[in-house]
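S.K.: Provide a 3D model corresponding to the input given below.
(4 chains)
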Protein chains: 2
Amino acid sequence: MSLIPIRPGSSFGTQPERSDAARNRERLLQAARDLVAEHGVDAVTMDMLACRADVGKGTVFRRFGSRAGLMMTLLSDAEAEFQREFIFGPPPLGPGAPACERLIAFGEARIKYVEEYGELARAAAEHSPQNRHDAPPVVLWHRHIEMLLREAGLDRDPWLLALSLGATLDPERILHSLRAHGVPSERLAASWRELVTRLLREC
Amino acid sequence: MSLIPIRPGSSFGTQPERSDAARNRERLLQAARDLVAEHGVDAVTMDMLACRADVGKGTVFRRFGSRAGLMMTLLSDAEAEFQREFIFGPPPLGPGAPACERLIAFGEARIKYVEEYGELARAAAEHSPQNRHDAPPVVLWHRHIEMLLREAGLDRDPWLLALSLGATLDPERILHSLRAHGVPSERLAASWRELVTRLLREC
DNA sequence: ATTCTAAACGGACTGCGGTCCGCTTAATAT
DNA sequence: ATATTAAGCGGACCGCAGTCCGTTTAGAAT
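M.R.: Predicted coordinates for the structure are as follows:
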């Protein structure tokens, strides 16, 4: 179980991957996207993927490490885009707006993200109690929230407070509200706004 | 996958279970407690349990429905005690104290509970995205928090807000803070207190 | 005591995620 | 061209949760 770099062989000092490996990766990613589109995330099995991509099962696990790793890879583009937006993008999500507004925008963006990629995100976290909370993207959101809390003047253990706020935005939870209880995303966003504004009042 | 009644055969109109079934249940529960004590929750498999209790594997699943069901059963006593305390017990956890103080006490009690039974609680929720949020005890905590929020004067969608607060107290999350990051439970409790008091200021 | 039947039983079986290890091959050195 | 070798490959294999179905048996009815 190792970290999956966003670009394979992107680290300096390591040689680029072999041509057959690159070809197999493309085949696997294409097959995975097709299968997800055809049957939905939850119905895609690793054997099915190996079969469709016409590679051995071992190759699938060599590429992605685990089912969760595969899902992370499928998410990586959307994830990178999301990160770009809240780090470099225009306000209120990106820098330039007051912390409180950025925090609200962050939650709203996250809810939209889960609406679109929730199943993948859930599958990427399943069966990984470790990586569920320590995966690089999760740590990044967490630090982002913590930074905004500090910026808003919340100095009492902002790290743990950020953890609590992050829990509210957990894909599985949001997805459950959306799908199982039929809560419209606007209502989730409104509740998030309420939570954040109450928390940051007079800071 | 069905709900597991706290007391078997406790519903009216159903006949009591057969004697061999009762004997097997006791054997299974004893074996399960022993195995958990010996090897830890995560290492206990259903085959192991069937073997130790000297019953067939089918019997294990007939009793408990799933691994998660078994863990819920093992938790049911502690769970019932916890419920009793925050519903009927002395303040500030039970009725008689201001909503804000009860909410703080609730979180503190929950953190202690997770410290003691966290592994079981996590295992009881694993692989059940459905029952994870809709299991009777979870729904009860949730309603309790919602009630306290209303009592404190928070009228803007207290149901969703209760969901957010509940997310903070999720066993897996608390356990991860405690074990993986070594956060002492007092610090978790302090952060919870901070969160609740900020949220309920001037209500 | 005998019969009846629905509940309970047990263990072979399935499907899935994940590992292992002997074989193949791309890339490099000569 | 040939030899070398480490990365890559494939699929048999494992452990586990959960299902299926033919067999057994407790308890009621006679």
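S.K.: For the longest helix along chain A, which residues meet the burial criterion?
M.R.: Once chain A is assigned using DSSP state H, the helix that runs over the most residues is helix A:99-125. For helix A:99-125, the neighbour count (16 or more other C-beta atoms under 10 Å in any protein chain shown) marks A:99-111, A:113-114, A:117-125 as buried. Quick note: C-beta positions are derived from backbone N, CA and C, even for glycine.
S.K.: again, but for stretch A:59-71
M.R.: A:Thr59, A:Val60, A:Arg63, A:Phe64, A:Gly65, A:Ser66, A:Arg67, A:Ala68, A:Gly69, A:Leu70, A:Met71.
S.K.: can I get those in CSV with secondary structure?
M.R.: As requested, the buried residues of stretch A:59-71 are exported to CSV (DSSP: H, G, I helix; E, B strand; the rest coil):
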residue, secondary structure
A:Thr59, helix
A:Val60, helix
A:Arg63, helix
A:Phe64, helix
A:Gly65, coil
A:Ser66, coil
A:Arg67, helix
A:Ala68, helix
A:Gly69, helix
A:Leu70, helix
A:Met71, helix
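S.K.: Just give the closest residue to A:Arg67, not the sequence neighbours.
M.R.: The shortest distance from A:Arg67 to any non-neighbouring residue, by C-beta to C-beta, 6 or more residues apart in numbering or on different chains, is to A:Met46 (6.0 Å).
S.K.: Retrieve the pLDDT associated with that neighbour.
M.R.: As predicted, A:Met46 sits at a pLDDT of 98.
S.K.: Which residues of chain A lie near DNA strand D?
M.R.: A:17-18, A:20-21, A:23-24, A:55-59, A:61-63 (C-beta under 7 Å from any atom of the strand).
S.K.: Kindly recompute the last result at 10 Å.
M.R.: Counting by C-beta under 10 Å from any atom of the strand, chain A comes close to DNA strand D at A:8-9, A:14-25, A:27-28, A:46-47, A:50-51, A:53-63.
S.K.: quick check, the worst-scoring helix or strand of chain A on mean pLDDT touching chain B?
M.R.: None of the helices or strands of chain A scores lower by mean pLDDT, DSSP states H and E than helix A:129-134, at a mean of 87. Yes - contact of helix A:129-134 with chain B (C-beta under 8 Å from any C-beta of the partner chain) involves A:Pro129, A:Gln130, A:Arg132, A:His133, A:Asp134.
S.K.: Determine the number of other residues adjacent to the third one.
M.R.: Translated: A:Arg132. Neighbour count of A:Arg132, defined by other C-beta atoms under 10 Å in any protein chain shown: 18.
S.K.: Next: the second one.
M.R.: Using other C-beta under 10 Å, A:Gln130 is surrounded by 10 other residues.
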